[in-house]
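>>> sequence unknown, structure follows:
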């Protein structure tokens, strides 16, 4: 069955430090992969996506992610975190069946220390 | 216009009330979605409309009734809800090969 795992429930980093959020997926075919960010009480904003091609994808707000098929991973990275990056981050895989729908990971809450 | 709008922003209702949530997009997307999100949890898919036809219904209780009057609008009719239905209700839309979903800001629903 398809699934998405985000192993870290919370991560705390200092402002200016680098960040890596982990995401592992289970899906039989080539996955459509996404990272979304959600500020408290808000909707989800797409950071970046992967469908095919270059396995290193660039997104908004200085984020990037690397698709590694051998590890079934799609980890999100940022070289220098800003206080405004504090939010909930969701990894998702798009699956086709009846229509097209997302399976979300449980999310990782990022806290940024000054 | 790359925005999905949702109204109202907040809604408080009693268990005997009937209310509706509204969602609108003008991006020409042909798939629209309703999600329910409880605090500190990921969104859970409730319904998918594709080309104005309900294509996915994730066994949601009948007290939630979706409606897609046209390709730009999506409603969620609420009737006889329970306090455990209190949550953030998110609407999203998507179109095209990239299939990314654009999310609205959500409606915060409280059932008393």
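Done, it's in. The model shown is predicted, which means the values in this text are computed figures rather than measured ones.

>>> following the worst-scoring helix or strand of chain A on mean pLDDT, which helix or strand shows up next?
Ranked by mean pLDDT, DSSP states H and E, the weakest helix or strand in chain A is strand A:99-104, scoring a mean of 80. Note on strand A:99-104: by DSSP states H and E, the next helix or strand toward the C-terminus is strand A:108-113.

>>> Can you check the pLDDT for residue A:51?
Residue A:51 is assigned a pLDDT of 88 by the prediction.

>>> With residue A:38 instead?
96.

>>> Might you report the residue contacts of it?
Neighbouring residues of residue A:38 by Cβ atoms under 8 Å, 6 or more residues apart in numbering or on different chains: A:44, A:45, A:87, A:88, A:89, A:90, A:107. Quick note: C-beta positions are derived from backbone N, CA and C, even for glycine.

>>> let's go with 10 Å and repeat that
By Cβ atoms under 10 Å, 6 or more residues apart in numbering or on different chains, the contact set of residue A:38 is A:44-45, A:87-90, A:107, A:109, B:37, B:42-43, B:88, B:90, B:103, B:106.

>>> On the strand side of things, show who it bridges to.
Per DSSP bridges, the residues bridged to residue A:38 are residue A:44, residue A:88.

>>> got the buried residues for the lowest-mean-pLDDT helix or strand in chain B?
The weakest-scoring helix or strand in chain B, judged by mean pLDDT, DSSP H and E, is strand B:53-57 (a mean of 82). Neighbour counts over strand B:53-57 (16 or more other Cβ atoms under 10 Å in any protein chain shown) mark residue B:56 as buried.

>>> Next: stretch A:23-38.
Buried residues in stretch A:23-38, defined by neighbour count with 16+ other Cβ under 10 Å: A:23, A:24, A:25, A:27, A:31, A:32, A:33, A:34, A:35, A:36, A:37, A:38.

>>> and if you look at stretch B:84-95?
Result for stretch B:84-95 [16+ other Cβ under 10 Å]: buried residues B:85, B:86, B:87, B:88, B:89, B:90, B:91, B:92, B:93, B:94, B:95.

>>> Show me which of the residues you listed is closest to chain A.
Of all the buried residues of stretch B:84-95, chain A sits closest to residue B:90, with 5.8 Å by Cβ to the nearest Cβ.

>>> ok, the closest one touching residue B:32?
No. With contact taken as Cβ atoms under 10 Å, residue B:90 and residue B:32 are classed as non-touching, separated by 11.3 Å.
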